[in-house]
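Trainee: Sequence and predicted structure are below.
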Amino acid sequence: MKILVLCAANVAINPRPSRMVGFLKDMHEVSAMGIACDEIPGVATYSYSAYKKRNFLQEIILYFNVFLRRWDRLIYTHNRLEIVEFLQKKSFDLIICHDLVLLPIVLRYKKSAKVLFDAREFYPKQCTNNLRWRILFAKFNDYLCKRYLKDADRVITVALGLSAAYQKSYGIKSEIFYSLSKYYDLMPSPVDKNNIKMIYHGFANPLREIEKTIEIMDYCDESFSLDLMLVCHDSKYLQKLQDMVDLRQKNGKKIRIIPPVHFEEIVPFSQKYDIGIYALPKSNFNLEYTMPNKFFEYMQSRLAIVAIPHREMHEILQKYQNGITAKSYSPKDIAETLNNLQIQDIEKMKNCSHLAAKILNSETNKNKILKIIKEMFAF
């Protein structure tokens, strides 16, 4: 079967499309297309251009097009026309589309291909705490969902909350496809009662309010340390976070920002820690309901997990006994949850993550996606 994995990023390093390629490339003829896509062994890779930042006149035209609801002008941008040209020349049996704005192009130029759409976000509420986004793209994403989601042959998403939102808002049924990490053959590391090592890793931008995670250390016992492995493309924001870290270091807190490692190295690198922290506030709908990659990567690293009171996370942590959720989103309450943990609690949770890692890994996803594709092509 000829399969195209398409996304608006570098497929080789973007976790969900990259793993999708990995699931399928040994059994099918897989191609990957994204923005500045790196080579992937055993896969034909193609790139299209990134969108160039708009000048003042182009920004005015954008507002004008949104006001008049000329949505095609937002879909068929100059760089995405490269995808159109590519699809006109190529034919596939299945196209796996990872971004909503690309779905209209895929559906129009798919020829006889079936389409699997990966709804990684609930797109109509993707960045609701950003005024410009609300003005320009909220109605646009709502239009895309109303007009195109029903034409995809199958839809998957990352969390129960997002699946429920698509069902309620658009009548679209979707299947849960967690962002499970690949399996790593690791063992839990020993816990030092005098230095309980915590880590947070992930993208850092103002919408994620990493400040709240840093503030946890204001209330933690002196036995705790926190490393922040951040990928940040906003130098001013990163400097703000560094200044917050520097201030706490002066006050004797064991906290630092460390350089990021390649995403394939995140899990083994983090194995030396004891606790994986997830303390992002519910600053928008997606942050409130999504199930992030790092939640499952913490498990593969054999860490105890301490998280905000996220219903789906709580249910999984209860099931596998490998972590705990705080009673609220406040840094003080999260720190209180940490301070109340005994060393034996952390050790038990780490051992439970060791057991959970054998179940909640990408092999489960591989079997699931192969089953979905088989069903899509059943006659």
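Mentor: Looks like it came in fine.

Trainee: looking at it, Ser353 is touching Leu317, isn't it?
Mentor: No: in this structure, Ser353 is not within contact of Leu317 by Cβ atoms under 8 Å, at 9.7 Å. Quick note: C-beta positions are derived from backbone N, CA and C, even for glycine.

Trainee: now what about the helix or strand bottoming out on mean pLDDT in the chain, what contacts it?
Mentor: Among the helices and strands of the chain, helix 285-289 carries the lowest confidence by mean pLDDT, DSSP states H and E, at a mean of 89. With Cβ atoms under 8 Å, 6 or more residues apart in numbering as the contact definition, helix 285-289 has outside contacts at 121-122, 125-126, 128, 159-162, 165, 207-208, 280-282, 310, 312.

Trainee: Which parts of the chain are strands?
Mentor: 2-6, 29-35, 44-48, 94-97, 114-119, 154-157, 175-176, 196-203, 224-231, 254-258, 275-278, 304-307, 323-325 (DSSP state E).

Trainee: how about the ones you listed, which one is nearest Lys371?
Mentor: strand 175-176 (9.9 Å; Cβ to Cβ).

Trainee: partner strands of that closest one, parallel or antiparallel?
Mentor: Paired neighbours of strand 175-176 in the sheet (DSSP bridges): strand 154-157 (parallel).

Trainee: Check what pLDDT Lys52 gets.
Mentor: Looking at Lys52, its pLDDT is 86.

Trainee: Next, count neighbours for the nearest residue to it once chain neighbours are set aside.
Mentor: Counting by Cβ to Cβ, 6 or more residues apart in numbering, Lys52 lies nearest to Asn79, which is 7.8 Å off, once chain neighbours are set aside. Using other Cβ atoms under 10 Å, Asn79 has 14 neighbouring residues.

Trainee: how close does Asn79 sit to Ile105?
Mentor: 11 Å (Cβ to Cβ, to the nearest Å).

Trainee: Then His98?
Mentor: 13 Å.

Trainee: how about low-confidence regions in the protein?
Mentor: 379 (pLDDT under 70).

Trainee: tell me the domain boundaries of it?
Mentor: Following automatic domain parsing, one finds the domains of the chain at 2-180+362-376, 196-357.

Trainee: Select, out of those, the one closest to Leu186.
Mentor: Among the domains of the chain, domain 196-357 sits nearest to Leu186 (Cβ to Cβ), with 5.0 Å.

Trainee: Now do the end-to-end distance for the closest one.
Mentor: 21 Å (Cα to Cα, to the nearest Å).

Trainee: nearest residue to Ser179 other than its sequence neighbours?
Mentor: Asn293 (4.5 Å).

Trainee: If I follow the layout properly, the one you found ends up in contact with Lys182?
Mentor: No: checked against Cβ under 8 Å, the pair Asn293 and Lys182 is beyond contact range at 11.4 Å.

Trainee: of those two, who's got more company?
Mentor: Asn293 (20 against 16).

Trainee: and the more buried one, what does it touch?
Mentor: Counted by Cβ under 8 Å, 6+ apart, Asn293 has contacts 15, 179, 181, 202.

Trainee: how about the second one, phi and psi?
Mentor: Its backbone dihedrals place Ser179 at phi -80, psi 70, with angles given as degrees, to the nearest 10.

Trainee: Distance-wise, check it relative to Arg19.
Mentor: 8 Å.

Trainee: Kindly report the same for the third one.
Mentor: Taking Cβ to Cβ as the measure, Ser181 and Arg19 are separated by 8 Å.

Trainee: between these two, what contacts are shared?
Mentor: By Cβ under 8 Å, 6+ apart, the residues touching both Ser181 and Arg19 are Ser362.

Trainee: Counting neighbours, go ahead and name the busier of those two.
Mentor: Ser181 (26 against 20).

Trainee: list the contacts for that one?
Mentor: With Cβ under 8 Å, 6+ apart, Ser181 has these contacts: 267, 293, 296-297, 299-300, 361-362.

Trainee: Closest one to Lys236 out of those, please.
Mentor: Distances from Lys236 to these, taken by Cβ to Cβ, are shortest for Asn293, at 25.7 Å.

Trainee: Top of the contacts of Ser181 by number of neighbours, please.
Mentor: Met299 leads the contacts of Ser181 on contacts (other Cβ under 10 Å) with 32 neighbours.

Trainee: thinking that one is in contact with Leu355, fair?
Mentor: No: using Cβ under 8 Å, Met299 is not in contact with Leu355, being 9.5 Å away.

Trainee: Quickly list what's touching both of these two.
Mentor: 320, 322.

Trainee: tally of neighbours for Glu121?
Mentor: 21.

Trainee: Oops, could you answer that again for Leu136 instead?
Mentor: For Leu136, using other Cβ under 10 Å, the count is 17.

Trainee: Could you measure from it over to Arg69?
Mentor: 12 Å.

Trainee: Likewise for Arg120?
Mentor: From Arg120 over to Arg69 (counting by Cβ to Cβ), the distance is 25 Å.

Trainee: In terms of neighbours, single out the busier of those two.
Mentor: Arg120 (24 against 12).

Trainee: list the contacts for the more buried one?
Mentor: 16, 98-99, 157-158.

Trainee: same question, Thr325
Mentor: 306-310, 313-314, 317, 337.

Trainee: Adding distance to Tyr51, write those out as CSV.
Mentor: Putting the contacts of Thr325 into CSV (distance: Cβ to Cβ, whole Å) gives the following:
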residue, distance to Tyr51
Val306, 38
Ala307, 34
Ile308, 33
Pro309, 37
His310, 33
Met313, 34
His314, 38
Leu317, 39
Thr337, 42
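
Trainee: Buried ones from these, can you make that a PyMOL selection?
Mentor: Here is the PyMOL command that selects only those of those that count as buried (16 or more other Cβ atoms under 10 Å):
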select buried, resi 306+307+308+310+313+314+317+337
